[in-house]
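[1] sequence and predicted structure below; questions after.
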Amino acid sequence: MKLHISHVTQYEYETPVTDSVNEIRLTPSTNERQSCYQQSISIEPNASMFSFEDFFGNRVHSFSVNALHRKLVIKTNMTVVTKEAPSPSEYALAVSRQPAELAWQWLGSDDAANRYAEFLADTEYTSITPEVVSFARSIKKSDGDNAGQAEPTVLEWLDRLCMRIKSEFIYDPDATNVKTTASEMFALKRGVCQDFAHLMIASARSEGIPARYVSGYHFVGDLQGGSADFEQASHAWVEAYVPKLGWCSFDPTNIDPVGERYVKLGHGRDYKDIVPVKGVYRGAGEQKLYVTVDVRKVEE
């Protein structure tokens, strides 16, 4: 699927500000499932940019606006071609090459802990609290599992975890904010994609499964009757490491599997590592933030 994405971030300041220093992580990853064919970035007021890769391999653009200004606008346009994810049967075939108990044993080894240490540790958003541990441990016992049945594979366990979050927590954009942690959302039983991703990450890590936060876009506009004014938004989901498969994607917010409708921007330990736009400035007064995202399918 070929998708065109427009992402506009606008800050308006109550009084003029200066020395605005910013980083943006708005460049799509290029991997086995997607390719970014074109991207343009414009800054108002005009500013020079330089780019680099951060610790996690995400493309970052940095810029400074030193002159006085009352508005900062960041516009990105990109064209991305995506592919469908492997089918469940393909996943099952790969997983079958290693018994479930051996996969779980490897995840508990020093090799796994050393290789994926940054994606196993607690973070500000993904603290492994007793409530999270209890929730995660209940997954292995769900769906009829008992002593007489085989232990679920790592992939099966992650699928069950994803479905439990979808079914037991309510999507409510008014319940949480950008600073809400997984444990806080767990108590509320409602939140948004960022919250659900953080809970899945914390739960997976509590069972020794490396997990990371993914930011990007989920294209659903053509499923809403083709309405041109359907409001799009950035999206968050999860990648977890499955032995013999590598990093696999899970979306605890939506029913559909992560496939060609998803565009990945980057990943990190939690939201804080992959904030699309962040910066500091010198000035007083309040600021207002406006974000507009438009994702459209390009007919070929």
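    Here it is on my side, so go on. On a predicted model such as this, the values are computed, not experimentally measured, just so you know.

[2] quick one: contacts for Val132?
    Neighbouring residues of Val132 by CB atoms under 8 Å, 6 or more residues apart in numbering: Ala182, Ser183, Phe186, Leu199, Ala202, Ser203, Ser206. Every residue, glycine included, has its C-beta placed from N, CA and C.

[3] Ser64 pairs with what?
    Note on Ser64: beta-bridge partners Val21, judged by DSSP bridges.

[4] hmm, it is touching Asn22, no?
    Yes: using CB atoms under 8 Å, Ser64 makes contact with Asn22 at a distance of 7.3 Å.

[5] look at the two and report which has more neighbours.
    Set Ser64 next to Asn22 and count neighbours by other CB atoms under 10 Å: Asn22 wins out with 21 against 14.

[6] residues contacting Glu32?
    Counted by CB under 8 Å, 6+ apart, Glu32 has contacts Lys83.

[7] name the SS class of it, please.
    coil (DSSP: H, G, I helix; E, B strand; the rest coil).

[8] phi, psi for it please.
    Backbone torsions of Glu32, given as degrees, to the nearest 10, read phi -70, psi -10.

[9] and the one 3 residues further on, by the same measure?
    For Ser35, the backbone dihedrals are phi -140, psi 130 (criterion: degrees, to the nearest 10).

[10] number of residues surrounding the nearest residue to it once chain neighbours are set aside?
    The spatial neighbour of Ser35 that comes closest, neighbours along the chain excluded (CB to CB, 6 or more residues apart in numbering), is Val81 at 5.2 Å. Neighbour count of Val81, defined by other CB under 10 Å: 16.

[11] touching, Val81 and Thr30? I think so.
    No: applying CB under 8 Å, one finds Val81 not in contact with Thr30, separated by 10.1 Å.

[12] who's in contact with the residue nearest to Ser35?
    Met1, Lys2, Leu3, Gln34, Ser35, Tyr37.

[13] same thing with Ser20?
    So Ser20 contacts Ser64, Val65, Asn66, His69, Leu72, Gly279, Val280, Tyr281, Arg282 (CB under 8 Å, 6+ apart).

[14] quick one: contacts for Ser42?
    Val73, Ile74, Lys75, Thr76.

[15] so how far is the stretch of helix or strand it belongs to off the chain centroid?
    Using DSSP states H and E, Ser42 falls within strand 34-44. The chain centroid and the centroid of strand 34-44 are separated by 19 Å, computed with CA atoms, centre = their mean, to the nearest Å.

[16] in its sheet, what does the helix or strand just after it sit against?
    Using DSSP H and E, the next helix or strand after strand 34-44 towards the C-terminus is strand 49-53. Paired neighbours of strand 49-53 in the sheet (DSSP bridges): strand 59-65 (antiparallel).
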